[in-house]
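Novice: Sequence first, then the predicted structure, then my questions.
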Amino acid sequence: ILNVEQSPQSLHVQEGDSTNFTCSFPSSNFYALHWYRWETAKSPEALFVMTLNGDEKKKGRISATLNTKEGYSYLYIKGSQPEDSATYLCAFDFGNEKLTFGTGTRLTIIP
Amino acid sequence: DSGVTQTPKHLITATGQRVTLRCSPRSGDLSVYWYQQSLDQGLQFLIQYYNGEERAKGNILERFSAQQFPDLHSELNLSSLELGDSALYFCASSQNNHRPADTQYFGPGTRLTVL
């Protein structure tokens, strides 16, 4: 059984503060790691696809890093805004086109 | 808006019934994926079609089947429905043009309630 774990399960952050959370995955047979943002009543929105050890990707105030040797990825949000409130999902990609998702980190930004 | 469309948005039906969920991928995307999101579980991969052919299978029940048509839209058929089949069903699509790590774009989902 493939375990993709995300921590913490939920997080409350004051508006303006920065935050980060973790996705852990098997370090063997790595192909890619995907990050998605899922707002309530909407569909998951692709943030990043990361493939190389040491990869760093950035989109506005959100960035992600990847360590395939130790099997983790961090997602960072700088200067949190209310619109960042969402569930952030990571998904492990073996290269066989089936994504295995973690259960997500539910982020709530407190105004 | 990802460009992936799914119908219907909501579906309420009774145990033992059969339903069909429909998905149209983004223009140009050849692959369609189906996922199930139950109340206490993460997104679970069900099945993938590529250009009309089944490509990968996940934990899809035998009561469930899917197909992809020549116009690339896909249908997920769920039969002999049980209460536990109540879930959000997502369709996603990708170009799948053999570049590594295609992004999958998700549709808005169909919420199925089995009473």
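Specialist: Okay, I see it.
Novice: distance of whatever residue of chain B ends up closest to chain A from residue B:110?
Specialist: Using Cβ to the nearest Cβ, the closest approach of chain B to chain A is made by residue B:101 at 3.6 Å. Placement of C-beta: from N, CA and C, glycine included. Distance of residue B:101 to residue B:110, computed by Cβ to Cβ, to the nearest Å: 27 Å.
Novice: Tell me which of those two has more neighbours.
Specialist: Applying other Cβ atoms under 10 Å in any protein chain shown to residue B:101 and residue B:110 shows that residue B:110 carries more neighbours, namely 21 against 15.
Novice: Might you report the residue contacts of the closest residue to the residue of chain B closest to chain A other than its chain neighbours?
Specialist: Closest residue in space to residue B:101, ignoring its immediate chain neighbours: residue A:32 at 3.6 Å, by Cβ to Cβ, 6 or more residues apart in numbering or on different chains. For residue A:32, the contact set (Cβ atoms under 8 Å, 6 or more residues apart in numbering or on different chains) comprises A:49-51, A:93, A:95, B:100-101.
Novice: Need the per-residue pLDDT for residue A:32.
Specialist: The model reports residue A:32 with a pLDDT of 91.
Novice: Please apply the same query to residue B:99.
Specialist: Residue B:99 carries a pLDDT value of 60.
Novice: got it, and the one 3 residues further on?
Specialist: The score at residue B:102 is 84. That number is its pLDDT.
Novice: Surely it is in contact with residue B:33?
Specialist: No: checked against Cβ atoms under 8 Å, the pair residue B:102 and residue B:33 is beyond contact range at 10.2 Å.
Novice: overlap in contacts of the two?
Specialist: Among the neighbours of residue B:102, those also in contact with residue B:33 (Cβ under 8 Å, 6+ apart) are A:97, B:94.
Novice: between these two, which one's more packed in?
Specialist: Each of residue B:102 and residue B:33 had its neighbours counted (other Cβ under 10 Å), and the higher figure belongs to residue B:33 (29 against 20).
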